[in-house]
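# sequence and predicted structure are below.
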Amino acid sequence: MRLQGKRIFISAAAQGMGRASALACAAQGAEVIAVDINAEGLASLEVENAAITTHVLDMRDGAAIKALAAQLPPLDGLFNCAGFVHNGTVLDCTDADWEFSFSLNVQSMFHTIQAFLPGMLERGKQTGGGAILNMASMASSVKGFPNRFLYGTTKAAVIGLTKGIAADFVKQNLRCNALCPATVDTPSLRSRIASAADPVQAEKDFIARQPMGRLATVDDITPMVVFLLSDESRFVTGQAVVVDGGVTI
Ligand code: NAD
């Protein structure tokens, strides 16, 4: 069991990579605390694995994050997975779009890390250290994509945030990495495809940009999540880890 004895908090855990990560971490022995705004999705996650505890939490609500952190015992691992994909160029982006995406994709991480880090550092003195993992994307400082102006900007900020935390706390055995997946088959990707003018072509276009000729599945991504939250990655910090099926070869 690669995460035995570890207490791990995961956001956006009702569906997609967050949910798959919660299940993968629990399968490796972790005590998982899963949060999302989708109460129904969380309830079915608890049914799927009774060892996972869930809380309805809006990651845009800094005060609610702080209040929940104050109730929970200290963590070993924190996986900030929540994020939203804005579609469009700079000319399509409103101030409200900017505020929403930065609030969910970046500020939520600032709030969770500020709330949980003191407990993680304290617990790390006994356990040998903790790990933070922040969900970025291949669309970020790694690579530009059409119609991902705001999304890529926020995910580049996630990489900067990650490196800053890693640099500040490396001496206290706290590691912080970012994960940069390619296009992953999740419910939100399916709704982006469905809302395109030509959904069949949209799916073909998503697949065409992946050299392996297919979308990633959540199971292509979760092994890296488990690795980066486990002690196996003890010498890895401050990295933007790309899992992209060869897009950036
Ligand atoms: P998804 O988008 O299908 O699901 C996201 C989950 O986040 C949902 O359960 C939703 O209820 C929850 N959520 C939305 N707003 C929330 C809020 N305010 N507070 C709490 N939870 C909230 O899942 P996904 O596609 O696996 O994406 C997860 C993360 O991975 C996101 O950060 C996304 O940007 C990133 N990502 C996705 C892809 C992809 O192709 N799917 C690729 C790279 C990175």
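Yep, that arrived.
# going forward, measure contacts between C-alpha atoms and count neighbours the same way
Noted.
# residue numbers of this structure in contact with the ligand?
Counting by Cα under 6 Å from any ligand atom, the chain comes close to the ligand at 12-18, 36-38, 57-60, 81-85, 104, 135-137, 181-189.
# got the contact list for the residue nearest the centre of the chain?
The residue lying closest to the centre of the chain (Cα atoms, centre = their mean) is residue 81, at 2.2 Å. Residues near residue 81 by Cα atoms under 8 Å, 6 or more residues apart in numbering: 10, 11, 12, 13, 17, 18, 134, 135.
# ok, residue 172 next?
Residue 172 makes contact with 121, 124, 129 under the criterion Cα under 8 Å, 6+ apart.
# quick one: it from the ligand, how far?
27 Å (Cα to the nearest ligand atom, to the nearest Å).
# phi, psi of that residue?
phi -110, psi 20 (degrees, to the nearest 10).
# report pLDDT for it.
Here the pLDDT value assigned to residue 172 is 97.
# ditto for the one 4 residues further on
Model confidence at residue 176, expressed as pLDDT, equals 98.
# burial count for it?
30 (other Cα atoms under 10 Å).
# report the contact partners of it.
By Cα under 8 Å, 6+ apart, the neighbours of residue 176 are 131, 132, 133, 134, 162, 163, 165, 166, 237, 238, 239.
# tally of neighbours for the fifth one?
As a burial measure, the neighbour count of residue 162 was computed by other Cα under 10 Å and equals 27.
# so it lies in a helix, does it not?
Yes. Counting by DSSP: H, G, I helix; E, B strand; the rest coil, residue 162 is part of a helix.
# how close does it get to the ligand?
14 Å.
# now that residue: how far from residue 36?
22 Å (Cα to Cα, to the nearest Å).
# ok, residue 187 touching residue 18?
No. Between residue 187 and residue 18 there is no contact under Cα atoms under 8 Å: 11.5 Å.
# more crowded one of the two?
Comparing residue 187 with residue 18 by other Cα under 10 Å, the one with more neighbours is residue 18, at 25 against 12.
# quick check on that one: phi, psi?
The phi/psi pair for residue 18 (degrees, to the nearest 10) is phi -60, psi -50.
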